[in-house]
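Colleague: sequence and predicted structure, then a few things I'm wondering about:
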Amino acid sequence: MKTITSSFEYKILDYNELSDTQKQLVDHARKATYRSYAPYSNFKVGAAILLSNGVIVDGANQENAAFPAGTCAERSACFYAGAEYPDAKFKAIAIAARDASDDFIVNPISPCGVCRQALLEYENKGGKPVEVLLIGRDKIYSINSISDLLPFAFTEF
Ligand code: THU
């Protein structure tokens with residue numbers, strides 16, 4: 001028998017410790033929460049993806065009366081980026097959220113399993129790690145890649 005241990009490193013940063021590019025992406029994600037359509041959960045999520053061509057693509061969760069028809073902020077940004085800029089690589093994604101009281105959440109949220117799988121496809125397509133910035137009210141987590149968030153991912157068939 002063999003036992004394998006898997007772990008990953010991430011950073012916890014203050015906004016002021018971010019690079020200008022990271023700050024710009026975080027600002028985009030925060031602003032995108034105001035374009036969320038979340039009348040059912042009242043949980044407004046914004047995502048912003050930085051592409052290799054310098055464009056930042058925003059997304060926000062879009063809910064639906066038939067619940068599964070809605071989609072998360074991350075996938076709304078991810079699929080728009082893929083459809084509009086098919087040749088650009090994903091470089092980084094930032095994710096922010098506001099709760100029912102409209103305040104930005106204290107502790108960062110992390111993308112759901114389906115979004116991780118969707119984002120991983122584009123990380124693999126681009127061939128480079130995509131940085132993930134998870135935004136809390138006073139602290140930001142920086143994770144080196146989508147694959148860090150989805151060990152043992154299903155990648156090919
Ligand atoms: N949601 C996102 O947009 N991203 C996440 O990472 C987690 C959840 C959305 C889906 C739904 O509209 C609302 O947040 C509550 O789950």
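Modeller: Great, that's in hand.

Colleague: shouldn't residue 58 be within a strand?
Modeller: Yes: assigned with DSSP: H, G, I helix; E, B strand; the rest coil, residue 58 falls within a strand.

Colleague: quick one: residues contacting it.
Modeller: If a contact means CB atoms under 8 Å, 6 or more residues apart in numbering, then residue 58 has 28, 29, 31, 32, 35, 46, 47, 48, 49, 77 as its contacts. All C-beta atoms are positioned from the backbone trio N, CA, C, and that covers glycine.

Colleague: and the gap between it and residue 152?
Modeller: According to CB to CB, to the nearest Å, residue 58 stands 30 Å off from residue 152.

Colleague: then residue 22?
Modeller: Using CB to CB, one gets 28 Å for the distance from residue 22 to residue 152.

Colleague: compare these two (neighbour count), which wins?
Modeller: Each of residue 22 and residue 152 had its neighbours counted (other CB atoms under 10 Å), and the higher figure belongs to residue 22 (19 against 7).

Colleague: okay, the angle between the helix or strand containing that one and strand 56-60?
Modeller: Counting by DSSP states H and E, the element that carries residue 22 is helix 20-32. For helix 20-32 against strand 56-60, the angle by axes from the mean of the first three to the mean of the last three CA atoms, to 10 degrees is 30 degrees.
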